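K.L.:
with the sequence up front, the predicted model follows.
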Amino acid sequence: MAILVTGGLGYIGSHTVVELLNNNFEVVIIDDLSNTEKFILENIEEVSGKKPIFYPFDLKRKELLKQVFDAHNIEGCIHFAAFKAVGESQVKPIEYYENNLFSLINLLQEFRERNISNFIFSSSCTVYGQADKMPIDEETELKLPESSYGKTKQMGEEILRDFAAAYKKRVTLLRYFNPIGAHPSAKLGELPIGIPNNLIPFVMQTAAGIREKLSIWGDDYPTVDGTAVRDYIYVVDLAKAHVKALQKLINSTEEKVIDIYNLGTGKGSSVLEVVHAFEKANDVKVPYEIKDRRAGDITIAYANADKAEKELGWKSETSLEEALRTVWQWQKYLETRIN
């Protein structure tokens, strides 16, 4: 039995593949390499001691997807593959709807036709929009997200609810907050192609002198220092949650299951707090400038992850500074590859 991991060479995907291999799952990866590079596959094997099966193509190519399902006895799927930049989604909404929704539908058609269950969806706290109270638990009312990216995640969840109900399938929706950090080996980490869209890679590249200054989008939010607040979770902790969720699905005796879990630390940190924590953890300076707020961003979001602890036996264990230290080690590793 194999587990299909779409986007398995991406940031969260690659860390999750390592944890799956460490737990003796056979892993089949599909990734079109649009937001990663091929050397990540080699590093997964180096870190885990095992080699996953890899197919380099776009999930919108239904004929190739069918061939993968024909070739392997797929027992379940963790679906990461998606465009994920909030800002970019505001200027390329059609591309986001096409990529993020068509790929999901194509996968679910294969699951339906082959009577496969155990589907984990990489969702996001963006489905809550700007929640009225903190922390955010799984019963918090969903609001229409500000960004097209967030809307694709909310639509994806609705598609999966209907899929599970109509075809009696087991599905888990994992709503993560803000993943950060790199693998302790410094061989896996966030690898943005071009100018980073997320905070931590931009901090990392600015500290390394690749970028002149970090742009902080807004300092007039009603927060402790005027900058937006998020819940930053270490990516290895997050990856381990996927294994726990998968094991629960596979071991379930129920015909139809919809599980929903928030994955976060339960603590909010402002953008400036993160920048200063990075400087302290790595003894480096990060020059920055304040810019106008960015369309699609919310003010504050942090998780109540008690349900994941109770039902999966999982909780985040790594501090913000520890996670940020791994980021700098990852940057040093990337520099050795370039040089």
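P.N.:
Right, received. Where do you want to start? Bear in mind that the values here come from a model prediction, so they are computed numbers and not experimental data. Numbering: from 1, shown residues only.
K.L.:
is the residue nearest to the spatial centre of the chain in a helix, a strand, or coil?
P.N.:
In the chain, the centroid-proximal residue (Cα atoms, centre = their mean) is residue 12; its distance is 4.9 Å. Secondary structure for residue 12, judged by DSSP: H, G, I helix; E, B strand; the rest coil, is helix.
K.L.:
okay but it is in contact with residue 235, surely?
P.N.:
Yes - assessed by Cβ atoms under 8 Å, residue 12 is found in contact with residue 235 at 6.1 Å. C-beta here means a position set from N, CA and C on the backbone, and glycine is covered the same way.
K.L.:
got any residues that touch both of those two?
P.N.:
residue 179 (Cβ atoms under 8 Å, 6 or more residues apart in numbering).
K.L.:
which stretches of the stretch 51-200 of the chain have low pLDDT?
P.N.:
Nowhere does the stretch 51-200 of the chain drop to pLDDT under 70.
K.L.:
how about the helices in it?
P.N.:
62-71, 86-91, 93-113, 148-167, 199-207 (DSSP state H, counting those that start in this stretch).
K.L.:
okay, the ones you listed in a markdown table with distance to residue 321 and mean neighbour count next?
P.N.:
Conversion of those to a markdown table gives the following (distance: least, Cβ to Cβ, whole Å; neighbours: other Cβ atoms under 10 Å):
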| stretch | distance to residue 321 | mean neighbour count |
| --- | --- | --- |
| helix 62-71 | 41 | 14 |
| helix 86-91 | 25 | 18 |
| helix 93-113 | 33 | 17 |
| helix 148-167 | 29 | 18 |
| helix 199-207 | 13 | 23 |
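K.L.:
for residue 257, which of those is the nearest?
P.N.:
Smallest distance to residue 257 across the helices of the stretch 51-200 of the chain (Cβ to Cβ): 7.3 Å, for helix 148-167.
K.L.:
contacts for the closest one?
P.N.:
Here helix 148-167 has contacts from 82-86, 88-90, 92-93, 96-97, 100-101, 104-105, 108, 111-112, 119, 121, 123-124, 126-127, 129, 142, 144-145, 169-171, 173, 256-258, 296, using Cβ under 8 Å, 6+ apart.
K.L.:
and that helix with helix 93-113, angle?
P.N.:
20 degrees (axes from the mean of the first three to the mean of the last three Cα atoms, to 10 degrees).
K.L.:
just the CA trace of helix 148-167, in CSV.
P.N.:
This file holds the C-alpha atoms of helix 148-167, laid out as CSV (Å, rounded to 0.1, in the frame of the first residue of the first chain):
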residue,chain,number,x,y,z
SER,A,148,-8.4,34.3,-3.9
TYR,A,149,-6.0,31.8,-2.4
GLY,A,150,-8.1,31.6,0.8
LYS,A,151,-11.2,31.2,-1.3
THR,A,152,-9.7,28.2,-3.1
LYS,A,153,-9.0,26.6,0.2
GLN,A,154,-12.6,27.2,1.5
MET,A,155,-14.0,25.9,-1.8
GLY,A,156,-11.7,22.9,-1.6
GLU,A,157,-13.1,22.1,1.8
GLU,A,158,-16.7,22.3,0.6
ILE,A,159,-15.9,20.0,-2.3
LEU,A,160,-14.4,17.5,0.1
ARG,A,161,-17.4,17.6,2.4
ASP,A,162,-19.7,16.8,-0.5
PHE,A,163,-17.3,14.1,-1.7
ALA,A,164,-17.2,12.4,1.7
ALA,A,165,-21.0,12.5,2.1
ALA,A,166,-21.9,11.3,-1.4
TYR,A,167,-19.3,8.5,-1.7
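K.L.:
figure out how far that helix is from the centre of its chain.
P.N.:
Relative to the chain's own centre, helix 148-167 is displaced by 17 Å; criterion: Cα atoms, centre = their mean, to the nearest Å.
K.L.:
and for stretch 51-59?
P.N.:
Centre-to-centre, stretch 51-59 and its host chain are 18 Å apart (Cα atoms, centre = their mean).
K.L.:
quick one: end-to-end distance for it.
P.N.:
21 Å (Cα to Cα, to the nearest Å).
K.L.:
what are the buried residues along it?
P.N.:
By 16 or more other Cβ atoms under 10 Å, the buried positions in stretch 51-59 come out as 52, 54, 55, 58, 59.
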